[in-house]
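[1] Predicted model and sequence follow; I will ask about them next.
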Amino acid sequence: PSKINTKNVQILNRVKIRNVATGKEFLYQLVSESEANIKEGKLSVGTPIAKALLGKKKGAIVSVTVPNGTMELEILEISI
């Protein structure tokens with residue numbers, strides 16, 4: 001864990017995000033496809049949301065294309 005960077009979003013990070021439109025906050029851990037379990041808050045790095053977050057810094061606002069349109073997410077926190 002000491003080698004995991006929290007300056008930019010990467011696999012194994014926990015990322016707290018906020019939907020800009022609704023104000024709802026979510027906490028996800030980015031994991032491999034085989035470990036993904038949305039009920040446990042484990043989001044696969046292959047999902048559109050994770051792909052949009054990877055490499056971004058705290059405070060960044062990213063646009064994500066989802067089945068019902070586009071949503072903007074703000075990165076509130078990056079942790080281990």
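    Yep, it's here.
[2] quick one: low-confidence ranges for the protein?
    1-3 (pLDDT under 70).
[3] longest single strand anywhere in it?
    strand 69-79 (DSSP state E).
[4] and Lys16, how far is that from Asn5?
    According to Cβ to Cβ, to the nearest Å, Lys16 and Asn5 sit 16 Å apart. Placement of C-beta: from N, CA and C, glycine included.
[5] More neighbours: those two, which one.
    The neighbour count for Lys16 versus Asn5, taken as other Cβ atoms under 10 Å, is higher for Lys16 (15 against 11).
[6] was I right about that one contacting Leu76?
    Yes. Using Cβ atoms under 8 Å, Lys16 makes contact with Leu76 at a distance of 4.4 Å.
[7] overlap in contacts of these two?
    Glu25 (Cβ atoms under 8 Å, 6 or more residues apart in numbering).
[8] need the strands for this protein, in chain order.
    14-19, 25-31, 42-44, 61-66, 69-79.
[9] how much space is there between Ala21 and Val15?
    Taken as Cβ to Cβ, the span from Ala21 to Val15 is 18 Å.
[10] which one of these two has more residues nearby?
    Val15 (25 against 10).
[11] What degree of burial does Ala52 show, as a neighbour count?
    Number of residues near Ala52 (other Cβ under 10 Å) recorded here: 20.
[12] Surely it is in contact with Ala60?
    No. Counting by Cβ under 8 Å, Ala52 stays clear of Ala60, with 9.7 Å between them.
[13] For Gln29, name its beta-bridge partners.
    Here Gln29 sits in beta bridges with Arg14, Lys42, going by DSSP bridges.
[14] Count the neighbours of it for me.
    Neighbourhood size, Gln29 [other Cβ under 10 Å]: 18.
[15] Also Leu54?
    Residue neighbour count, defined by other Cβ under 10 Å, stands at 16 for Leu54.
[16] now the residue lying closest to it once chain neighbours are set aside: how far from Leu53?
    Spatially, and ignoring its direct neighbours in sequence, Leu54 is nearest to Val9 (5.5 Å; Cβ to Cβ, 6 or more residues apart in numbering). As defined by Cβ to Cβ, Val9 lies at a distance of 5 Å from Leu53.
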